[in-house]
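A predicted structure for the sequence below; I have some questions about it.
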Amino acid sequence: MTTRPEDLRSARWFAKDDFRSFGHRSRVLQMGYSPEDFIGKPVIAIVNTWSDANQCHTHFKQRVEDVKR
């Protein structure tokens, strides 16, 4: 089964012609992305629990960089 771009949850954030979607698009553009980077594509987040306070997660910082690359 193929998901159509308009059926993606991210289409509700970016595709509508309303003030809320304008805000989402504006913030993504301010981060340096172009519309081709996010329009019609799924948005995938990387959640990172790395901190100096928890030594068990010290490797997460490098893992996140690996995933982003």
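Received, thanks. Numbers count the residues shown, from 1 in each chain.

look at the residue sitting furthest away from the middle of the chain and report its pLDDT.
Centroid-distance maximum for the chain: Q55 at 26.9 Å, with CA atoms, centre = their mean. Looking at Q55, its pLDDT is 75.

what's the span of stretch 46-59, first residue to last?
Taking CA to CA, to the nearest Å as the measure, stretch 46-59 stretches 15 Å from start to finish.

give me the contacts around it.
Contact partners of stretch 46-59, identified using CB atoms under 8 Å, 6 or more residues apart in numbering, comprise 60-61, 64, 67-68. Yep, even glycine has a C-beta here, placed from its N, CA and C like the rest.

stretch 8-18 now?
5-6, 21, 24-25, 28, 38-43.

weed out the non-buried ones from those.
Using 16 or more other CB atoms under 10 Å as the burial test, the contacts of stretch 8-18 include 24-25, 28, 38 as buried.

now the strands for this structure?
Using DSSP state E, no strands are assigned anywhere in the chain.

in it, which spans are helices?
Ranges of helices in the chain, per DSSP state H, are 9-14, 19-30, 35-38, 60-68.

grab the CA positions of the lowest-mean-pLDDT helix or strand in the chain and hand them over as PDB.
When the helices and strands of the chain are scored by mean pLDDT, DSSP states H and E, helix 60-68 comes last with a mean of 83. Taking C-alpha atoms only, helix 60-68 is exported to PDB below (Å, rounded to 0.1, in the frame of the first residue of the first chain):
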ATOM      1  CA  PHE A  60      23.500   8.800  22.100                       C
ATOM      2  CA  LYS A  61      25.000  12.100  20.900                       C
ATOM      3  CA  GLN A  62      27.200  10.300  18.400                       C
ATOM      4  CA  ARG A  63      24.400   7.900  17.400                       C
ATOM      5  CA  VAL A  64      22.200  10.800  16.600                       C
ATOM      6  CA  GLU A  65      24.900  12.400  14.400                       C
ATOM      7  CA  ASP A  66      25.300   9.100  12.600                       C
ATOM      8  CA  VAL A  67      21.500   8.800  11.900                       C
ATOM      9  CA  LYS A  68      21.300  12.400  10.700                       C
END
